[in-house]
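Asker: I would like the atomic coordinates for the input below:
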Amino acid sequence: MMSKLNNNLMAVIAAGMLTVSGASGAVTFSDGGAGLQGLLDGNPNVGAGTVDVINDQMGDAIDSYWNFGGTGGSIQVILGENSPNAGVNSFGIFSGSDSLEVFIGSDAADYKAFVNYAGGSLTANVFDGGGTFVRSNSIAWLGNPFGFYLNNGSDTFYSDSTLNAGGFDAMVAYQDVPMPGESILAFEDGIAENGFTNTDYDDFVVMVESVYPVSAPATLALLGLGLIGLGYRARRKAAV
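Answerer: Numbering: from 1, shown residues only. Now for the predicted structure:
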């Protein structure tokens with residue numbers, strides 16, 4: 001009986017890993033990546049040749065959730081927007097039902113936010129391209145791993161594709177660019193009546209610093225080891 005249970009547990013673990021791995025493929029650009037590649041190559045914060053938008057993708061299973069680095073904070077900079085929703089898009093951080101809005105539609109390229117977690121609160125202080133303070137926004141926060149979201153005024157798109165309609169991967173990410181410890185997040189914010197058709201991923205592009213991805217496959221692997229250990233101890237107990 002215990003052997004059968006262990007086999008069933010292993011099957012569940014393997015199925016979970018295959019499910020996550022299947023979601024880890026690269027996104028497909030409707031324009032071949034030209035829009036996002038041009039935006040990044042032409043941005044002085046990134047520079048031409050720093051990112052290959054096709055081959056440098058992190059993958060959906062890796063970029064869904066993140067943690068802050070040792071400083072407990074992150075600098076976030078808008079690199080650009082190429083969307084009819086640019087005037088209404090809002091970008092932020094979520095964990096469960098909690099969310100912190102960082103940028104709003106009136107914010108332009110080079111707007112910068114200092115997002116800090118301290119004393120049970122998550123705070124975003126936003127500055128314009130000239131360094132002038134614009135606003136501050138705070139919420140209570142438990143320090144859990146978090147994802148990123150983009151809202152276009154009517155629909156919300158999450159870094160965790162399982163939260164999006166049809167499991168659509170709305171965000172492509174690039175880690176340790178343009179410098180180590182920095183990452184680029186590029187969102188798709190458009191829905192057509194027949195599905196996502198304009199998948200150029202240059203609708204909202206932001207650089208985030210000092211946040212690091214939480215790997216879903218690694219989490220499942222640890223879960224699997226824990227279940228295997230439970231089965232082993234149960235067999236020993238039954239044999240005594």
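Asker: Please work out the average pLDDT along stretch 71-88.
Answerer: The average of the pLDDT scores along stretch 71-88 is 94.
Asker: hmm, I was thinking of stretch 199-216
Answerer: Rounded mean pLDDT across stretch 199-216 is 92.
Asker: can you map out the helices along the protein?
Answerer: In the chain, the helices defined using DSSP state H lie at 2-22, 34-41, 216-239.
Asker: pretty sure residue 90 is touching residue 104, no?
Answerer: Yes - the criterion here is C-beta atoms under 8 Å, and residue 90 meets it with residue 104 at 5.0 Å. C-beta here means a position set from N, CA and C on the backbone, and glycine is covered the same way.
Asker: What separation is there between the residue lying closest to residue 37 once chain neighbours are set aside and residue 135?
Answerer: Spatially, and ignoring its direct neighbours in sequence, residue 37 is nearest to residue 53 (4.8 Å; C-beta to C-beta, 6 or more residues apart in numbering). Residue 53 sits 31 Å away from residue 135, going by C-beta to C-beta, to the nearest Å.
Asker: next one: residue 52
Answerer: 35 Å.
Asker: which phi and psi does the residue nearest to residue 37 have?
Answerer: The phi/psi pair for residue 53 (degrees, to the nearest 10) reads phi -70, psi -20.
Asker: quick one: pLDDT of it?
Answerer: Reported pLDDT for residue 53: 97.
Asker: isn't residue 211 right next to residue 72, touching?
Answerer: No - shown here, residue 211 and residue 72 do not form a contact pair, counting by C-beta under 8 Å, at 10.6 Å.
Asker: neighbour-wise, which of the two wins?
Answerer: residue 211 (22 against 14; other C-beta atoms under 10 Å).
Asker: for that one, which residues make a bridge with it?
Answerer: residue 68 (DSSP bridges).
Asker: which residues touch residue 161?
Answerer: 23, 60, 64, 167, 168, 169, 170 (C-beta atoms under 8 Å, 6 or more residues apart in numbering).
Asker: State the distance from the closest residue to residue 121 other than its chain neighbours to residue 131.
Answerer: Leaving out its chain neighbours, the residue that sits closest to residue 121 by C-beta to C-beta, 6+ apart is residue 138, at 5.3 Å. Look at residue 138 and residue 131: by C-beta to C-beta, they are 21 Å apart.
Asker: ditto for residue 62
Answerer: 33 Å.
Asker: Of these two, give the one with the bigger neighbour count.
Answerer: residue 62 (19 against 8).
Asker: The more buried one against residue 212, yeah?
Answerer: No - look at residue 62 against residue 212 with C-beta under 8 Å: they stay out of range, at 10.4 Å.
Asker: Residue 53 and residue 135: who's more crowded?
Answerer: When residue 53 and residue 135 are compared on other C-beta under 10 Å, the one with more neighbours turns out to be residue 53, at 25 against 12.
Asker: residues contacting the more buried one?
Answerer: 29, 33, 36, 37, 40, 172, 174, 186, 201.
Asker: Tabulate those (JSON lines), appending neighbour count and distance to residue 108.
Answerer: Formatted as JSON lines, the contacts of residue 53 follow (neighbours: other C-beta atoms under 10 Å; distance: C-beta to C-beta, whole Å):
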{"residue": "29", "neighbour count": "19", "distance to residue 108": "24"}
{"residue": "33", "neighbour count": "21", "distance to residue 108": "24"}
{"residue": "36", "neighbour count": "28", "distance to residue 108": "18"}
{"residue": "37", "neighbour count": "18", "distance to residue 108": "21"}
{"residue": "40", "neighbour count": "28", "distance to residue 108": "17"}
{"residue": "172", "neighbour count": "27", "distance to residue 108": "22"}
{"residue": "174", "neighbour count": "23", "distance to residue 108": "22"}
{"residue": "186", "neighbour count": "26", "distance to residue 108": "17"}
{"residue": "201", "neighbour count": "28", "distance to residue 108": "19"}
